[in-house]
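In: I need the structure of the sequence given here:
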Amino acid sequence: MQQNRAPPPRYPEQLTIALLGKKIHIKNVIGNLILNDPSCFDSKSDTLVKGENISFSVINTPDLCDAECPNPDQRIIDFMAFSHPGLDLFILVVDPENAQEEKVVGQITKLQDVFGEQITKHLVVMSPDLQSLEALAHLEEVFNVPIVAPTDNLPIECRTWCPVGHSFVYEYKDYSQGVVLRRKAAIEKSRAKNNWGSEDTDATSQATLQHNSAPAPPISTSVLAAPDRWFNIVLLGLTGTGKSSSANTILNTGGSKQDITPFRSEASSIPVTSHCEFRFMTKPFGIPVRLVDTPDFFHEDLRDPEAHIEECRKYCQRGQCVVLLVLQLGRFTDGERGILLKLEKRLGWKIREETVLLLTHGDDLRGDLVKHVETHPQLKSIAEMCSFRCHAFNNKILDNKQVTELIKKIPNYKKRFPKIARKEESGCQLS
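Out: Residues are numbered from 1 along each chain as shown. Below you'll find the model as predicted:
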């Protein structure tokens, strides 16, 4: 028999959000975007972890739809206890490996079975992979849920997705409220004793637990007004130079390919990249980095180039980015004459101060790169503008060393990447 339940208290200053899905890496990134804290979630294990600021309390969950989990009921009871008496928004994070329609439908249906049909009023399906979003777009009408990509405006968007005036309250269909409340009491007792629910003894998690009992500051001091804390590596250049391949070469130093979807890359005279795309990574930089692949802003087939340039400006902020100007070794086209000046005019500042000239097809290089550049007047002109910061990539091979050498050519790299500087001082090899 269903027990009488009071609705959960409303705190307009702080919303509670649950991250659901199969890939912990992607859930970590989205949770950090919501909290505007690149280091809050960094767990590699599929466990319940909570992080919060004055605007949001975010619960990063294990896979609640894992068919191979030996004790799925316990996972669900723990989650309900951890988030009792309810929350404001569920975000189902879909990775490319699990983006098939039948899998996503199965996850949504499972959530409806466990938590009730009303969950879709509080549900958003999110994927960083645009091809997956396109394939799943029709499910918006089937389930009446938003299907979206994460953006830099995610904290604001989360507020728009939350139904006005009420939170989601659990229907205790298969799990009694008494069981959930007893589990909640046990968790709180264990947490008080052993800091359960935090990632080991992480200082951020401990601070979060302490903050739970503190009054929330006014919304006007929200972290939503804080600046973006991600460092951006932005690849610029014309179609066919190898921007996307170079981005993937950098991306491959970041860890498991299963966790990060590569940029689409293929030989073509027409743009393959049609809009700004980004991936998040930490290795080998030691800080959170947003890697941004961009379209050819000067290509005649690019629709609404001004809109794409405006998007790029968000990532090209002085002091918070490095620009990789990508050209192909042995090929210099008329469109690349004065390209750095053209980009500076479009982006509104002297990006040369933060630019590294990146030449692809480095396997074709014979001899010293600097000497090669000096013997080609057009290349030399660009190199001089960016203080001869030049590097060559061979995108046909997986070689972390060439990425490490590129990092060393980024202006002020030791201050920007202190972990790399410390490894250099200790004589450790970067990885």
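
In: show me where pLDDT drops low in the chain?
Out: Filtered on pLDDT under 70, the chain yields the residue ranges 1-13, 165, 191-229, 255-260, 267-272, 428-431.

In: mind doing that once more with 50?
Out: The model of the chain has pLDDT under 50 over residues 1-3, 5-12, 196-227, 256-259.

In: which parts of it are strands?
Out: Here the chain has its strands, by DSSP state E, at 15-21, 49-52, 56-60, 86-87, 89-93, 123-126, 147-148, 168-169, 231-236, 277-281, 289-293, 321-328, 355-360, 390-392.

In: name the helices or strands packed onto the lengthiest helix in the chain?
Out: Longest helix of the chain, by residue count under DSSP state H: helix 177-194. If you count contacts as 3 or more CB pairs under 8 Å, 6 or more residues apart in numbering; DSSP states H and E, helix 177-194 packs onto helix 72-83. Placement of C-beta: from N, CA and C, glycine included.

In: contacts for the helix it packs on?
Out: By CB atoms under 8 Å, 6 or more residues apart in numbering, the residues outside helix 72-83 that reach it are 16, 18, 48, 50, 59, 61-62, 64, 66, 69, 114, 170, 175, 179-181, 183-184, 186-187, 197.

In: mind running it again at 7 Å?
Out: With contacts defined as CB atoms under 7 Å, 6 or more residues apart in numbering, helix 72-83 is touched by 16, 18, 48, 59, 61-62, 64, 66, 69, 114, 170, 175, 179-180, 183-184, 187, 197.

In: turn the strands of the chain into TSV, including distance to residue 380 and mean neighbour count.
Out: Shown next, in TSV, are those (distance: least, CB to CB, whole Å; neighbours: other CB atoms under 10 Å):
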stretch	distance to residue 380	mean neighbour count
strand 15-21	50	23
strand 49-52	49	25
strand 56-60	50	25
strand 86-87	59	20
strand 89-93	47	24
strand 123-126	46	22
strand 147-148	46	18
strand 168-169	62	21
strand 231-236	19	23
strand 277-281	31	21
strand 289-293	27	24
strand 321-328	12	24
strand 355-360	10	25
strand 390-392	10	20
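
In: as TSV, the ones you listed with distance to residue 370 would be great.
Out: Shown next, in TSV, are those (distance: least, CB to CB, whole Å):
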stretch	distance to residue 370
strand 15-21	47
strand 49-52	46
strand 56-60	47
strand 86-87	57
strand 89-93	45
strand 123-126	45
strand 147-148	46
strand 168-169	61
strand 231-236	22
strand 277-281	29
strand 289-293	26
strand 321-328	15
strand 355-360	11
strand 390-392	7
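
In: show the contacting residues for the nearest residue to residue 17 once chain neighbours are set aside.
Out: What sits nearest to residue 17 in space, not counting adjacent residues and going by CB to CB, 6 or more residues apart in numbering, is residue 89, at 4.6 Å. By CB under 7 Å, 6+ apart, the contact list for residue 89 reads 15, 17, 122, 124, 158, 161-162.

In: now, the most widely separated pair of those?
Out: Comparing all pairs in those by CB to CB, the longest separation belongs to 15 and 124, at 12.5 Å.

In: now stretch 328-337: buried residues?
Out: For stretch 328-337, the buried set under the neighbour-count rule, 16 or more other CB atoms under 10 Å, comprises 328-329, 332, 336.

In: buried sites along stretch 176-184?
Out: In stretch 176-184, counting by 16+ other CB under 10 Å, buried: 177, 180, 183-184.

In: correction: the previous question concerned stretch 119-138.
Out: So for stretch 119-138, counting by 16+ other CB under 10 Å, buried means 119-120, 122-129, 132-133, 135-136.
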